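**Q** Turn this into a structure:
(one chain, ligands or ions: 1)
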Amino acid sequence: MAETKTKVLKFDAEEDVAVALAKYTAYLSEKYIKEKNSFSVVLSGGTLIDTLRKLVEFPYKDSVDWSKWLIFWVDERVVPLDHEDSNYLLAYRGFLSKVPIPPSNIYAINDKKSPEGAADDYEERIKNLVEEKTLPISDSGFPKFDLMLLGMGPDGHVASLFPSHNQRYEKKRWVTFITDSPKPPPPRITFTFPVINSASDIAMVVTGAELADTTKKALGNEKHTLPPLPCTEVSAERELTWFLDKDAASKL
Ligand SMILES: O=C1O[C@H](COP(=O)(O)O)[C@@H](O)[C@H](O)[C@H]1O
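**A** All right, here's what the predicted structure looks like:
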């Protein structure tokens, strides 16, 4: 397998990150829709949704072919979809309610299940999408999403893969669960690294001074102790792009 191409983009302000992220996402939307007539996008929760805000404004609101988008979540809190902690609700309010993505293309988790049941259910639904060829499969046998939009926590977690929890080492499952997430709420489901790292393109979107130390650990030259931070284990099939504002990049 070819080594991931990694780009690190630094911007003066969070606003500039938002502008660049919208342009990048709209560009990939056009590229993948031309190539395969659909665009599968995997969202995170947290600050990412706010940083996506420029995508639902002029010119992208009218120029993007939203009818071809398929939406998934890299992780979700196991709470009702209308709960304040839900990543779905966050995305609905800040993004999905503002653009005409067909509701049948939005793959939210089943919020009536236990964490384990919700993970099984999400994995099963993605397997069905692979079987019916809505989603392609990578050479390594994992589903291949076009674009993942990831955030990073101050502890270096991505999705709900935390530094000192075993979910980060899962190699077989597509979706797993956690009942004791160190960041509330405790019950969550999450894509595993084999799925994340099978994505064609990944954006790591990191803004704010509170992430400067972790950004330095992830991208700086110093070697750090094992095990590595989860954020350093992200790779993409085509290209991984870090979007940093000046504050997050201040210690590089
Ligand atoms: O809990 C979560 O945290 C990460 C990072 O969130 P942020 O607010 O620090 O950007 C997020 O990417 C993940 O989806 C979410 O469930």
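
**Q** Only C-alpha atoms from now on, for both contacts and neighbour counts.
**A** OK.

**Q** can you pull out the helices in the stretch 51-200 of the chain?
**A** For the stretch 51-200 of the chain, the helices defined by DSSP state H, counting those that start in this stretch occupy 60-63, 87-94, 115-131, 193-196.

**Q** In the chain, spot the helix with the most residues.
**A** The longest helix of the chain (DSSP state H) is helix 14-36.

**Q** Other residues contacting that one?
**A** Contact with helix 14-36 is made by 11, 38-39, 51-55, 60, 64-65, 68, 146-147, 207-208, 243-246, as judged by CA atoms under 8 Å, 6 or more residues apart in numbering.

**Q** where does the stretch 101-250 of the chain dip in pLDDT?
**A** For the stretch 101-250 of the chain, applying pLDDT under 70 flags the ranges 223-225.

**Q** what's next to whichever strand or helix holds Thr241, contact-wise?
**A** Secondary structure assignment for Thr241, by DSSP states H and E: strand 239-245. For strand 239-245, contacts defined as CA under 8 Å, 6+ apart pick out 4-14, 16-17, 21, 200-208.

**Q** PyMOL command to pick out the buried ones of those residues?
**A** To isolate the buried members of these in PyMOL, using 16 or more other CA atoms under 10 Å:
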select buried, resi 4+10+11+14+16+17+21+200+201+202+203+204+205+206+207
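
**Q** Which of the contacts of strand 239-245 fall within helices?
**A** Per DSSP H, these map to helices at 14, 16-17, 21.

**Q** Is it possible to get a markdown table of those residues that adds distance to the ligand and pLDDT?
**A** Shown next, in a markdown table, are the ones in helices among the contacts of strand 239-245 (distance: CA to the nearest ligand atom, whole Å; pLDDT from 0 to 100):
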| residue | distance to the ligand | pLDDT |
| --- | --- | --- |
| Glu14 | 13 | 98 |
| Asp16 | 17 | 98 |
| Val17 | 14 | 98 |
| Leu21 | 14 | 98 |
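
**Q** List just the nearest of those residues to Asp213.
**A** Nearest to Asp213 out of the ones in helices among the contacts of strand 239-245 is Glu14 (CA to CA; 17.3 Å).

**Q** where along this protein do the strands fall?
**A** Using DSSP state E, the strands of the chain run over residues 5-11, 39-43, 69-73, 75-77, 147-150, 175-178, 188-191, 201-206, 239-245.

**Q** Wondering if the second one reaches the ligand at all.
**A** Read that as strand 39-43. No: shown here: strand 39-43 not in contact with the ligand (CA under 6 Å from any ligand atom), separated by at least 7.4 Å.

**Q** what mean pLDDT does that strand have?
**A** Per-residue pLDDT values across strand 39-43 average out to 98.

**Q** any idea how far that strand is from the chain center?
**A** Distance of strand 39-43 from the chain centroid (CA atoms, centre = their mean, to the nearest Å) equals 8 Å.

**Q** tell me which residues of it are tucked away?
**A** 39-43.

**Q** who in the stretch 51-200 of the chain is up against the ligand?
**A** Residues of the stretch 51-200 of the chain lying close to the ligand (CA under 6 Å from any ligand atom) are 75-76, 150-153, 158-160.

**Q** And these, which is closest to Val130?
**A** Among these, Asp75 lies closest to Val130 (CA to CA), at 19.1 Å.

**Q** Bridged to the closest residue in space to the closest one that isn't next to it in sequence, which residues?
**A** Closest residue to Asp75 apart from its sequence neighbours, by CA to CA, 6 or more residues apart in numbering: Thr190 at 4.1 Å. Beta-bridge pairing for Thr190 (DSSP bridges): Asp75, Thr176.
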